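In: Sequence below, structure please.
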Amino acid sequence: MALGESLDFRIPSDVQYIEGIVGQVVQRCQERAFSRRHLALNLPVALTEALSNAILRGNGDVRTRAVTLRIQIDDTQLVAEVRDEGDGFDLARCTEDATLPENLGREDGRGLFLMDKLMDRVERFTDGGNVVRLVLIRA
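Out: Modelled structure (predicted):
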């Protein structure tokens, strides 16, 4: 097994940076032979949602705030931690099934619901900011 690697990014709260960062992470996972499905759907959608939530919801789209992303990747898994400068949220409430009739009118939680379905684990904690951790096990 090859040793793992870390990638660290710090970006202003601006969605224009998301596509480039997601592309770099996907490329690194391709180099480690993650499955095509994970690279075409699971990882890009979940990571894009996490970054956009951090920018638009966590940081309130305030451009003077920043979002940091730390990626730990090895031959068995990817762990992505997205940190914003917001106050946080209730992960359990926000990952309720967005397809249930009582949740169809809600404007929040759809991104977290997708992340939860596409990744092997989604966790939230605080550590000098609001952090969402995404874990994808290599298939």
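
In: Poorly predicted segments of the chain, please.
Out: Across the chain, residues meeting the criterion (pLDDT under 70) sit at 1-2, 88-110.

In: got the residue ranges for the strands in it?
Out: The residue ranges that make up the strands of the chain, judged by DSSP state E, are 5-12, 66-73, 77-84, 121-126, 130-137.

In: May I see the buried residues of the last one?
Out: By neighbour count on 16 or more other Cβ atoms under 10 Å, the buried set for strand 130-137 is Asn130, Val131, Val132, Arg133, Leu134, Leu136. All C-beta spots, glycine's among them, are computed from the backbone N, C-alpha and C.

In: For His38, grab the count of nearby residues.
Out: His38 has 22 neighbouring residues, counting by other Cβ atoms under 10 Å.

In: residues touching it, list them.
Out: Contact criterion Cβ atoms under 8 Å, 6 or more residues apart in numbering gives Cys29, Leu136, Arg138, Ala139 as the residues in contact with His38.

In: in this structure, which helix has the most residues?
Out: Ranked by residue count, the top helix of the chain under DSSP state H comes out as helix 18-31.

In: which helices and strands does it pack with?
Out: Where contact means 3 or more Cβ pairs under 8 Å, 6 or more residues apart in numbering; DSSP states H and E, helix 18-31 is packed against strand 5-12, helix 43-53, strand 66-73, strand 77-84.

In: Could you spell out the sheet neighbours of the first one, each with its direction?
Out: Meaning strand 5-12. For strand 5-12, the paired strands and their directions (DSSP bridges) read strand 66-73 (antiparallel).

In: quick one: stretch 65-81 to chain centroid distance?
Out: Here the centre of mass of C-alpha atoms in stretch 65-81, compared against the chain's by Cα atoms, centre = their mean, to the nearest Å, lies 8 Å away.

In: before we move on, the earlier item: please pick the buried ones from the contacts of His38.
Out: Of the members of these, the ones counted as buried by neighbours, 16+ other Cβ under 10 Å, are Cys29, Leu136, Arg138.

In: could I get the residues you listed as CSV with distance to Ser52?
Out: Supplementary listing: the buried ones among the contacts of His38 in CSV, determined by distance: Cβ to Cβ, whole Å:
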residue, distance to Ser52
Cys29, 20
Leu136, 18
Arg138, 25
